[in-house]
Every structure is written in structure tokens, then in C-alpha cells.
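Peer 1: A structural model of the following input is requested.
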Amino acid sequence: MAVLEIADIESIDQNLVGPVVRAGLLAEAVIDAVADDNPGRDVVVLDRDDYVRIHTAQTCRLTRASLERHLGQPVQLATLEIDMPAFKGRLRTRTDEYVWFYDK
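Peer 2: Just a heads-up that it's a prediction; the model follows:
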């Protein structure tokens, strides 16, 4: 598993899914949390200055526990939506995890 920073998302697998988050400390924590919550999967990061696309292939899981660990404070996943103007794929939400998935 690796965190891969890329310049153009169009040049790689089209089955990528995950959040688009405003750049900043939260985005950095989401990247690290997604890496923890998706063992064995590459995390693809596309930094567009104002926002960051954070994706994995087919499914992308983010848990509240790992996000809290990387932020260093309690957080409700629903508050992520304030800084998540978009996402790729379909999204299933729970109080303790968000899962984006590819749906043909």
C-alpha cells in the first residue's frame, strides 16, 4: 500500500472512488485515515491547491476512529461533509464509517 500523489487523475484507473476535501489539516488527516482504513490498497491523491481528491480503487473506507486518531480530537463524520464539496462513486454513510464504492 502506498499514498500516490499524481498530477492527472484521468491517466489512471477509472474505477477510483472517494472524497474530495478542501485542502488543509482535515484533508491531510483524511489521507492518513484512508490509508489506515484501506490496508493493501494504494491511496491516490490529486492535490488541486484548493481541494484534494483522495481515492482508492473500487471501495474507499473512512472510519471515525482513524480520522479522530489523525486529527487528535473527537469528530463526527457528518461534519466532514462541510469540507467535502464532492466525491466520486456512491456513498454509504454510518455514524462510525463512510464507504464510497464503485457501482457499474
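
Peer 1: Which helix or which strand is home to Ser66?
Peer 2: Using DSSP states H and E, Ser66 sits within helix 64-71.

Peer 1: so what secondary structure elements neighbour the helix or strand that that helix is followed by?
Peer 2: Later in the chain than helix 64-71, the nearest helix or strand by DSSP H and E is strand 86-88. Strand 86-88 sits against strand 16-22, with contacts defined as 3 or more C-beta pairs under 8 Å, 6 or more residues apart in numbering; DSSP states H and E. All C-beta spots, glycine's among them, are computed from the backbone N, C-alpha and C.

Peer 1: Tell me the buried residues in the strand it packs on?
Peer 2: Leu16, Val17, Gly18, Pro19, Val20, Val21 (16 or more other C-beta atoms under 10 Å).

Peer 1: May I ask which of those residues comes out lowest in pLDDT?
Peer 2: The lowest pLDDT within the buried residues of strand 16-22 belongs to Leu16, with 93.

Peer 1: got a list of what it touches?
Peer 2: Ile9, Val44, His55, Thr56, Ala57, Lys88, Gly89, Tyr102 (C-beta atoms under 8 Å, 6 or more residues apart in numbering).
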